[in-house]
Structure formats: C-alpha cells, structure tokens
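1. Can you look at this prediction? I've put the sequence above it.
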Amino acid sequence: MGTYQSNIFLNEWHGGDMELLKKEFGLLTHELANVTILLATYMHDELGGEAFVLFRQDGGLYEVNASHDSMGRVTGQWEPEETFLKALRYRLEQGRLGRSVDGSNLFADELRFLLTELEMGVPL
C-alpha cells in the first residue's frame, strides 16, 4: 500500500489529516494510496460551503472541488481532476480561486505561496 502525508489543512479543516478527508468525503484508505496532500481547505457560512483539495498522486497533480449538501457534507464528491500549475495560477490571479464571492481571502495567499514553491521545483 502507498504512503501519504498531509501538509496544509486550512479553515474548518485546520489541524486535520488524511483521516479527516476519509471521513468528510466517505473514502476508503486505498482510495488515498500514494496521495500527498498539498493543500486542503473547507469553508462555510450560512449560505453554503466549499472544499478544495490539491494533491500529488503517482507523479500527477490533482484537485478536488466540492460544495456541501443540505446536511453540510461533501460525501461522495471526491472526483479528482488532473490540473496544472499554469491553470491554477491563472484561476488564482484572473478568477476567484481561493477567494469568497465578496473577495475575502479563503486560501489564496497559501495557494499562491505553494504554487511559487512548486514552480521553483521545491520538493514538497
């Protein structure tokens, strides 16, 4: 079985780990084989909630985006999509990735720092 480690868990998931992700998304251990979490965050308010997870697996870079259901869960929404540094950078700088609808920072600063490290080839 592969190994995994956690790196940055923010906001509602601050201090979390892989066990938290398994619980929140309803995952089995083998579904996280060879996964290295780079950034995982979940924020909610009275209107809704959003989760974002960025991770490496078997040499690829992936992201998961989820929103909670009426019970405040993201179970069943673990649908990794391959992503690229340039695409993340573009969405961060030109879109609202990491920011709420009102423009407040949810995880943009941490993602910006992480992308810079990845672009420079810093091993994580």
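-> Nice, thanks for sending it over.
2. Quick check, central residue of this protein?
-> By CA atoms, centre = their mean, the chain has its centre lying nearest to residue 53, at 1.3 Å.
3. Going by residue numbers, what spans are strands in this structure?
-> Taking DSSP state E as the test, the strands found in the chain are 9-11, 35-44, 49-57, 60-67, 81-82.
4. Can I get those strands in JSON lines including mean pLDDT?
-> Output for the strands of the chain, formatted as JSON lines (pLDDT from 0 to 100):
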{"stretch": "strand 9-11", "mean pLDDT": "93"}
{"stretch": "strand 35-44", "mean pLDDT": "92"}
{"stretch": "strand 49-57", "mean pLDDT": "93"}
{"stretch": "strand 60-67", "mean pLDDT": "95"}
{"stretch": "strand 81-82", "mean pLDDT": "98"}
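5. what's the closest of the ones you listed to residue 104?
-> Among the strands of the chain, the nearest to residue 104 by CB to CB is strand 35-44 (9.7 Å). Heads up, the C-betas are built off the backbone N, CA and C, glycines and all.
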